Every structure is written in C-alpha cells, then in structure tokens.
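>>> Provide a 3D model corresponding to the input given below.
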Amino acid sequence: MYSKVLRSSLYATTSRWWFAGNAYGLTRPARPTLLRESRTLNTSVAKEIQLFEKMIVSKLENTETESLTLSEAHELYNCVCGKQMSPKEHGFANLTNLLQSTSALEVTKNNNGIKTVRLRVKPINSYEQRHVGTIRTNQQVTFIDTLVAFGKVRNEDNIFSNQKKQADEVVAIDVERVEQNLSLVQVSTSQRTYVFDAQVLGSQAVFDCLAPLLQNQNALKLIHDLHSESEIFYGRGGIPLRGVLDSQLVYEHTGGGNFHAGFNKILEFFGQPEHSLKRRVTWELNIEKKNPFALRPLPAHALDYAVLDTRLLQNASEAIREQAGDDIERLIRTSEKRAMSGQARWRSICFDTMSEFKLASSELLECVRPADILQPEPLVVHNEIDSLLEILPEDLADSIIKLEKDTITEIVLDKGEHLCIWKEKERLVLGEDERTVTSDDLRHVMESVGNVGSDNRGGLNKQLHRISLMRNREQDVVGMTLRVGRYVTGNAFHLSDLLHSEANILFIGNPGSRKTTMIREVSRILAETENVIIVVTSNEIAGAGDLKHVSVGKARRMFVENLETQRKAMIECIQNHRPDVMVIDEIGRKNEANAARTAASRGVRLIATAHGSFRSLLGNPDTNGLIGGITNVTLGDAFAKASLEDNGNQAQFRKSRAERVATPVFDVVIELGVGNGIECIVVQDTTKAVDNILAEKKFQIQRRKWDGVSASISLQLDRA
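The predicted structure follows:
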C-alpha cells in the first residue's frame with residue numbers, strides 16, 4: 001500500500017483511536033462518543049472522526065471488502081445516499097485536511113467478527129511496489145519520484161528498453177499537467193502501473209526514457225484524447241508516436257458518434273467502471289481553483305487519480321480491440337496521423353453527410369469513409385466596386401481606378417472637400433489641389449440612387465452598395481458616404497452542422513465583424529431547400545432596389561419602412577407568408593426581441609444578428625431577452641447559506657441572485673471575429689451558458705477556424 005510521508009499517523013479501531021508519533025491521545029468508551037484529550041484535536045474534528053467511523057462500520061458491515069481508499073469511502077456513502085456529493089458535502093472538511101496525505105483506509109475483522117477501521121500513513125521507498133486499493137486487484141504501482149528510482153526503472157524494467165517485451169504488451173499512457181507544465185506521466189501495462197514525477201525528474205529525462213516505447217511500431221499504446229498527449233510528446237518532446245490508438249477515435253468509429261467523448265463515457269461504452277475520482281478532481285480544478293498535481297508531496301488522491309487514468313484504460317484494452325475488429329490497423333494509422341499534429345487543443349474536423357452533417361474527425365472519415373465528407377465551396381470574395389464607380393463623375397472615378405480597388409471599403413464625398421477613400425482603417429485623400437467636390441457632383445450621384453428612406457440611406461438596383469447622405473438644415477445633400485458592396489461565398493462552410501439543424505442562430509460581433517456578410521450567405525444556403533424570408537430595414541442583405549441581389553439566391557425579401565415598424569413587419573411576415581426561416585438583421589431593441597420570441601413560439605426558425613459579445617448581450621436589458629433574460633430573486637437565509645456552501649464558501653454571502661427568466665429564443669450564439677467570419681466562437685448550449693454566467697462560472701465554447709485555401713476546418717474546445 002502506498003502513501004505519503006507524514007510526521008504522524010492515525011490509527012483507529014472500533015474501540016480506540018490514537019495518534020502514533022505525536023503526543024495526541026484520544027480514547028473512545030463503549031458509548032459512541034469521542035472525548036477530546038488534546039488541544040490539537042478540536043471538537044469539530046472529533047465529531048467528524050466519529051461520523052466517519054460510524055459510516056464505514058455500519059455501511060460495510062456485511063461486505064467482504066478488505067481494503068478501500070478515502071475516496072472510495074466517499075463513493076460508498078454516495079451510493080447509500082442515492083446521489084453524488086463532493087467530499088465537502090459529507091461534512092469531512094477538517095478531517096480531509098487532517099488526512100489529506102493518508103494513503104488508504106483498511107477494514108478487517110477479528111476472530112469475533114468485529115470490524116476494524118484503520119487509517120494508516122507510513123514512510124515509503126520510492127521504488128517500492130505498492131498495492132493500489134482503488135483498483136481492488138493485485139496489480140502493482142511504481143511511483144518514481146527520485147533519480148535513484150528513475151535510474152533503476154530505466155535500466156531494469158524491460159517495458160522501457162526491450163522491444164520484444166514492448167510488443168507483447170498493450171500499454172496505456174496518460175499525462176497530468178499544471179497549467180502548461182508537465183507534472184506526471186503514467187504508463188500502465190497488464191501487470192503494473194508506472195507513475196513518473198516529471199516535476200522532480202525533469203520532462204526531458206522522462207521523454208528520453210519513454211522514447212523507445214513511444215516510437216515502437218509493434219507496441220500498441222492506448223491513449224485517451226491523443227490531441228493533448230501528442231502536444232506533450234511530439235510537440236514538446238519531439239517524439240513521433242508510432243503504434244498508438246486513440247480511444248476517442250475507436251469510440252467515434254464503433255458507434256459512439258461523439259468525436260470528443262469524455263473518459264467516463266468511453267469507459268462505460270467499453271464495459272468498464274467509471275473513474276471514481278473524476279468528479280472530485282474536477283471539483284478541485286474548476287470550483288476550488290486548486291490543482292492537486294501541483295502539490296509536493298503529491299496528495300494520495302491525486303496519485304490515485306493518475307493511476308486510474310491509465311489503469312482503467314488498460315483494463316478496457318481487450319474490449320477496445322474487439323470493437324475495432326478488422327479496422328484496428330486503419331485506426332492505428334489514423335491515430336498516428338492525428339499524433340503528428342502536435343496540437344493540444346485544435347482538432348481537424350469535417351461534416352458527415354451520412355449522419356445529418358454532424359461534426360466528425362477529419363482523420364477518421366478520410367480513412368474509413370472519404371465519400372461521406374461534405375465538400376466545401378471555394379471561399380471567394382466578390383468585389384463589385386466597378387458598378388459603384390460608374391455613378392461617379394468621370395474624373396473622380398478615374399482617380400480611384402488607378403488604385404488597388406479590392407481593398408477600398410468606402411468613398412467619401414463632402415461638398416467643398418477633396419475626394420476621400422477608406423481602405424480598411426487607412427484614409428487616402430485623392431484629386432488635384434484645385435479639384436474639390438461640388439453640388440453638381442452630388443446631384444450627379446443622386447440621379448443614379450434609388451429611393452432614399454427616412455434614415456437617409458439609399459442604394460442601387462441589384463447591388464449591395466449603400467449610399468448614405470448628409471443634409472444641411474434646408475435638407476440639401478452636402479455629403480455622401482458610398483460604402484462598397486461586396487459579398488463572400490463559402491464563408492459559412494465551417495458552420496454546416498448548425499445550418500443543417502433546426503436551431504435558432506444568433507450572430508453577434510462588433511461593427512466590422514461581417515455579420516451581415518455572414519447571414520447573407522446563410523440565407524442563400526438555407527433558401528436552397530426552405531422558404532426563407534429576409535426582414536430588414538437597412539436593405540443591406542439583399543440590396544436597396546426593387547430587384548434583390550444575386551447573393552441571397554432563392555431567399556425572398558420583405559421591405560421594412562423604418563425601425564419603428566420592424567416588429568409589425570415580422571408579425572405580418574409570419575401571418576401572411578408562412579416562412580420556414582426568417583432572417584433579421586440587427587435586433588437591437590426590446591420590441592424587436594419580443595417579436596423574435598413571438599416568431600420562435602410559432603415554429604419559425606430564426607437567423608439574426610445583434611451587436612456586442614455574449615456577456616455584453618446578457619448585460620443589455622433591451623436584448624438579453626434573446627438569450628433568456630435576467631431577473632433578481634431574493635433568497636431566504638437558509639437557502640443563501642446553502643448556496644454559499646455549494647460554491648465552496650468562495651463567494652460572498654448574498655441574499656439575492658440573478659436568474660434566467662425564460663428559455664432563450666436562440667439556441668446557438670455565434671460570435672464572429674475578423675476576416676469574413678471564418679474565425680468564430682460558437683456557444684452551442686445558450687441556456688447552460690447563461691446559467692453558468694449568472695452563477696459566476698465559465699461556460700463551454702467552440703472556437704472554429706475555416707481555412708479556405710487548404711479547405712480545412714479546425715475546432716478547439718474551450719471555456720470562457
């Protein structure tokens with residue numbers, strides 16, 4: 001049995017408790033009461049010891065168990081209570097701190113059948129073979145945390161040096177990190193688990209030791225989440241991984257379908273018990289913000305956790321190989337290809353046309369079903385500036401034609417000023433010194449512009465250009481901003497799984513993030529198979545003329561006179577035209593948000609845009625109704641204290657809290673970055689994301705990148 005060195009050890013029986021190594025003493029009489037005989041052991045700890053002993057003795061009285069860890073005691077208590085609780089919820093906060101390095105709890109019976117509960121701590125030899133209580137088998141663990149032990153393992157254990165011995169084994173490998181630094185490396189064979197303390201030994205020394213095994217093509221190595229481990233071994237250590245098999249790829253290929261399934265999900269699929277310490281360590285990392293793998297001496301439960309990561313995976317090796325069947329060699333080749341990426345977080349993905357365009361690992365589909373991969377459209381930017389130059393006076397147009405036209409975003413005409421253009425954020429003043437813009441120039445342009453609305457915006461028939469006017473007090477035009485219309489095809493390909501679903505999608509972003517460009521392409525794609533109607537006031541999506549622009553394809557368009565009537569137009573669209581999909585540009589006011597909720601409640605799918613980020617959207621009272629809305633509720637004292645304990649006593653005591661009011665209108669929120677929307681953040685579960693924000697927790701996101709040149713999509717799972 002392994003443990004960590006403490007200055008004292010606790011020994012307990014059903015008749016007596018005492019501390020060995022320090023001058024603490026505590027005797028328990030026949031009655032189930034603990035008497036405090038030392039100032040060091042306070043009343044709360046004594047009560048916890050009594051409760052802990054009573055729990056174990058009573059709940060295991062009829063079992064044959066001879067050894068279990070502290071974490072297993074918590075798990076058993078969970079089973080009795082019928083729910084999962086963290087160790088703190090058992091009330092063992094003080095006891096857990098006191099015994100944080102205790103290795104195991106033993107339960108034995110004497111000749112009279114009386115149970116004995118024993119918590120033991122003992123000095124260890126780093127190379128000593130130790131029994132792993134959490135596994136309940138005779139398998140061994142070797143924890144290497146000294147250079148002497150490391151040298152002995154490297155030189156004497158055949159699994160790290162003998163290629164024939166390696167080929168006879170199926171090995172499971174995993175790592176534990178502290179932020180971006182390597183903490184532990186675990187290797188499990190059928191007989192033994194090795195745990196290397198990389199913080200003590202150094203990462204490079206561990207890499208050198210494992211390199212022969214990792215590069216042996218004939219030695220099968222099981223790894224869960226190969227993306228992460230390949231970044232360590234190949235990305236940092238420079239070790240190409242051969243003969244590796246990613247459990248996530250096997251799970252995805254053999255019917256699981258999820259390309260990023262968690263460890264316990266995969267263990268369940270392959271008929272193995274779940275990792276019993278996953279919840280506890282996840283609680284520590286995400287809620288308590290503590291990393292047990294950063295501590296030295298290493299806490300016992302952290303070592304248990306590390307051992308279970310590879311031990312359980314190795315135990316599932318036979319089921320994994322059986323499920324892979326004849327495809328195992330192809331899956332190994334696919335895993336090797338994935339391992340060569342050396343990227344911990346970015347995954348190469350594609351869309352599976354045989355599974356309703358669901359996300360899939362591109363390495364897997366390219367290997368087993370290449371014909372089922374959705375093929376992308378080329379990413380093309382269509383610039384129509386020539387049609388805009390045609391409405392300018394000839395000499396002004398000539399001064400622009402000489403420039404690189406593709407990067408021009410706006411043309412500015414102000415009476416009495418020189419012609420000015422904008423190239424992204426760069427302003428260029430054009431024309432000869434004596435040539436300035438005149439009233440005749442402005443009238444010349446106005447002759448080509450269609451009807452100008454009350455918002456002083458107009459456009460050209462079948463064009464996306466926007467002409468915005470400035471007027472003096474007499475309402476004469478004294479200035480113009482001509483925004484160059486351009487559209488992009490192929491820029492929504494990396495969202496194909498979402499577009500082919502039934503989800504309501506909200507595109508958000510700051511000005512210039514190309515939200516309108518994105519939903520223009522989305523409208524075209526969806527209109528191929530559905531009745532899509534665009535409801536807009538600015539007419540930027542399909543142009544300002546009576547004839548729509550070609551970029552929206554078969555989508556129809558409904559004109560809105562001004563912002564005041566947009567809500568009415570949305571309701572009218574539903575009642576009169578029965579669209580399958582309604583596209584709305586720029587929802588920014590409460591009545592528009594309410595109209596969107598009405599539309600969603602009538603079964604119409606919504607695609608819309610709004611300004612800002614996800615968190616700023618939630619903080620805006622006019623638009624937060626789109627993602628559920630917020631209200632403040634007052635808590636009773638008991639409930640407030642319980643909520644404080646649930647959050648690890650890390651938050652301030654509050655008598656009120658914010659809660660979500662309703663189900664979000666939009667199921668998915670996509671935050672666009674720069675570059676025609678080819679980089680974005682996807683929030684797939686809006687409801688859970690809002691609830692997490694209100695609970696001051698992080699929420700899950702996907703970062704997606706679409707490379708139109710290589711026709712590849714990268715995805716990163718993250719929290720924000």
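>>> buried ones in the helix or strand encompassing Thr516, by neighbour count?
According to DSSP states H and E, Thr516 maps onto helix 515-526. Under the neighbour-count criterion of 16 or more other CB atoms under 10 Å, helix 515-526 has Lys515, Thr516, Thr517, Met518, Ile519, Arg520, Glu521, Val522, Ser523, Arg524, Ile525, Leu526 buried. (Glycine included, C-beta is placed from N, CA and C.)
>>> how far is it from where the chain is centred?
In terms of CA atoms, centre = their mean, to the nearest Å, the centre of helix 515-526 is found 25 Å from the chain centre.
>>> could you point out which element follows it?
Past helix 515-526, the next helix or strand by DSSP H and E is strand 532-536.
>>> tell me which residues are up against the helix or strand just after that following strand.
Moving toward the C-terminus from strand 532-536, the next helix or strand (DSSP H and E) is strand 556-559. If you take CB atoms under 8 Å, 6 or more residues apart in numbering as the criterion, strand 556-559 is touched by 531-536, 539, 541-542, 548, 569, 572-573, 577, 579.
>>> among those residues, which two are most distant?
Within the contacts of strand 556-559, Asn531 and Asn539 form the most distant pair, 20.2 Å apart (CB to CB).
>>> who has more neighbours, these two?
Asn539 (23 against 16; other CB atoms under 10 Å).
>>> for Gly588, see how far away that one is.
16 Å (CB to CB, to the nearest Å).
>>> repeat that for Asp157.
Here the criterion is CB to CB. By it, Asp157 lies 66 Å from Gly588.
>>> out of these two, which sits in the busier spot?
The residue with more neighbours, out of Asp157 and Gly588, is Asp157; 18 against 15, by other CB under 10 Å.
>>> could you give the number of residues near the nearest residue to Leu308 once chain neighbours are set aside?
Counting by CB to CB, 6 or more residues apart in numbering, His275 is the residue found nearest to Leu308 once chain neighbours are left out, at 5.3 Å. Per other CB under 10 Å, the neighbour tally for His275 reads 20.
>>> likewise for Ala599?
23.
>>> how about Gly603?
10.
>>> tell me the contacts of it?
Contacts of Gly603 by CB under 8 Å, 6+ apart: none found.
>>> would you mind measuring from it to Glu363?
Relative to Glu363, and taking CB to CB, Gly603 is found at 39 Å.
>>> same thing with Ile421?
Ile421 is 46 Å from Glu363, by CB to CB.
>>> between those two, who's got more neighbours?
Higher neighbour count among Ile421 and Glu363: Glu363, with 25 against 21, using other CB under 10 Å.
>>> which secondary structure element contains that one?
Using DSSP H and E, Glu363 falls in helix 362-368.
>>> show me what secondary structure element comes after that helix.
strand 380-383.
>>> okay, now the sheet partners of that following strand, with direction.
Using DSSP bridges, the strands paired with strand 380-383 are strand 486-489 (antiparallel).
>>> check which residues of the strand it pairs with are buried.
Under the neighbour-count criterion of 16+ other CB under 10 Å, strand 486-489 has Arg486, Tyr487, Val488, Thr489 buried.
>>> so the last one versus Met518, what's the distance?
Plainly put, Thr489 is 12 Å away from Met518 if you go by CB to CB.
>>> and the first one, by the same measure?
Remark: distance between Arg486 and Met518 (CB to CB) = 13 Å.
>>> give the residue farthest from the middle of the chain.
Note on the chain: the largest C-alpha distance from the chain mean falls to Glu434, namely 58.9 Å (CA atoms, centre = their mean).
>>> quick check: pLDDT value at it.
At Glu434, the model reports a pLDDT of 78.
>>> next, it: phi, psi?
phi -80, psi -10 (degrees, to the nearest 10).
>>> what residues are up against it?
With contacts defined as CB under 8 Å, 6+ apart, Glu434 has no neighbours.
>>> repeat that for 10 Å
His418 (CB atoms under 10 Å, 6 or more residues apart in numbering).
>>> try Tyr194
140-144, 153, 157, 159-160, 171, 173, 185-188, 209-210, 307, 310 are the contacts of Tyr194 under CB under 10 Å, 6+ apart.
>>> could you pull out the strands for the stretch 201-350 of the chain?
Under the criterion DSSP state E, counting those that start in this stretch, strands of the stretch 201-350 of the chain are mapped to 220-223, 244-246, 346-352.
>>> buried residues in the last one, which are they?
Across strand 346-352, burial judged by 16+ other CB under 10 Å covers Arg347, Ser348, Ile349, Cys350, Phe351, Asp352.
>>> tabulate the residues you listed (a markdown table), appending distance to Ile693 and pLDDT.
Compiled in a markdown table, the buried residues of strand 346-352 are given as follows (distance: CB to CB, whole Å; pLDDT from 0 to 100):
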| residue | distance to Ile693 | pLDDT |
| --- | --- | --- |
| Arg347 | 25 | 87 |
| Ser348 | 30 | 89 |
| Ile349 | 26 | 91 |
| Cys350 | 31 | 92 |
| Phe351 | 29 | 93 |
| Asp352 | 32 | 93 |
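>>> so the closest residue to Met470 other than its chain neighbours bridges to which residues?
Closest residue to Met470 apart from its sequence neighbours, by CB to CB, 6+ apart: Gly479 at 3.4 Å. Note on Gly479: beta-bridge partners by DSSP bridges are Asp414, Met470.
>>> was I right to think Gly479 contacts Arg471?
Yes. Using CB atoms under 10 Å, Gly479 makes contact with Arg471 at a distance of 8.3 Å.
>>> neighbour count winner among those two?
The neighbour count for Gly479 versus Arg471, taken as other CB under 10 Å, is higher for Gly479 (17 against 11).
>>> list the contacts of Asp433.
His418.
>>> look at it and give its secondary structure.
coil (DSSP: H, G, I helix; E, B strand; the rest coil).
>>> check the gap between it and Val581 for me.
For Asp433, the distance to Val581 - CB to CB - is 53 Å.
>>> quick one: pLDDT of the residue nearest to Met582 when sequence neighbours are not counted?
Residue nearest to Met582 in three dimensions, not counting chain neighbours: Val604, with 5.2 Å by CB to CB, 6+ apart. Note on Val604: pLDDT of 91.
>>> wouldn't Val604 be in contact with Ala595 here?
No. Applying CB under 10 Å as the test, Val604 and Ala595 come out as separate, 11.0 Å apart.
>>> any idea how far stretch 401-421 is from the chain center?
43 Å.
>>> list the buried residues in it.
Lys405, Ile408, Glu410, Ile411, Val412, Leu413, Asp414, Lys415, His418, Leu419, Cys420, Ile421.
>>> need the residues you listed in TSV (columns: distance to Gly673).
Output for these, formatted as TSV (distance: CB to CB, whole Å):
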residue	distance to Gly673
Lys405	25
Ile408	22
Glu410	21
Ile411	26
Val412	27
Leu413	32
Asp414	32
Lys415	38
His418	34
Leu419	32
Cys420	28
Ile421	25
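>>> residue ranges with poor pLDDT in the stretch 151-300 of the chain?
256 (pLDDT under 70).
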